[in-house]
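> below are the sequence and a predicted model for it; my questions follow.
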Amino acid sequence: EVQLVESGGGLVQTGGSLRLSCVASGLTFNDYIIGWFRQAPGKEREGVSCISSDGRTYYSDSVKGRFAISMDNTKKTVNLQMNTLKPEDTAVYYCAARLQGSTVWTDWGRGTQVTVSS
């Protein structure tokens, strides 16, 4: 059974930083792409960033230059360093996984709340 467990959310002031972590189990890490999504109240879920085992990364325009995703294959952990946070970054952040070559995100964590105060 695949499990994704997020941690690191919290309350931070505008301009501050947070580091989210996603620990994966029950999957062959190198076969998957791990991504971060977020959903704010009343809004649709949006993709934030993702990373493949060979180090390729993607960032949405809204976070490019502020967020950095990284992967630790030995620990099966994907981190999302979030800098220069803005109130509009407030959301529940979810970790997700999909097989390389697939377009379907099949496994999801329960999410971690990030709140940026103005």
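That came through, no problem.
> nearest the geometric middle of the chain, what residue?
With distances taken as C-alpha atoms, centre = their mean, Trp36 lies nearest the centre of the chain, 2.5 Å away.
> kindly state the beta-bridge partners for it.
Ser49, Cys95 (DSSP bridges).
> contacting residues around it?
Counting by C-beta atoms under 8 Å, 6 or more residues apart in numbering, Trp36 touches 20, 22, 47-50, 69, 78, 80, 93-96. For glycine as for every other residue, the C-beta is placed from the backbone atoms N, C-alpha and C.
> neighbour count added to those residues, as JSON lines?
Shown next, in JSON lines, are the contacts of Trp36 (neighbours: other C-beta atoms under 10 Å):
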{"residue": "Leu20", "neighbour count": "24"}
{"residue": "Cys22", "neighbour count": "26"}
{"residue": "Gly47", "neighbour count": "15"}
{"residue": "Val48", "neighbour count": "23"}
{"residue": "Ser49", "neighbour count": "21"}
{"residue": "Cys50", "neighbour count": "22"}
{"residue": "Ile69", "neighbour count": "22"}
{"residue": "Val78", "neighbour count": "28"}
{"residue": "Leu80", "neighbour count": "27"}
{"residue": "Tyr93", "neighbour count": "23"}
{"residue": "Tyr94", "neighbour count": "22"}
{"residue": "Cys95", "neighbour count": "26"}
{"residue": "Ala96", "neighbour count": "20"}
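> and which of these is nearest to Arg110?
Tyr94 (7.8 Å; C-beta to C-beta).
> any idea how far the closest one is from Ser49?
Distance, Tyr94 to Ser49, by C-beta to C-beta, to the nearest Å: 12 Å.
> hmm, back to that, can you put the contacts of Trp36 in a markdown table and add pLDDT?
As requested, these are exported to a markdown table (pLDDT from 0 to 100):
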| residue | pLDDT |
| --- | --- |
| Leu20 | 98 |
| Cys22 | 98 |
| Gly47 | 98 |
| Val48 | 98 |
| Ser49 | 98 |
| Cys50 | 98 |
| Ile69 | 98 |
| Val78 | 97 |
| Leu80 | 98 |
| Tyr93 | 98 |
| Tyr94 | 98 |
| Cys95 | 98 |
| Ala96 | 98 |
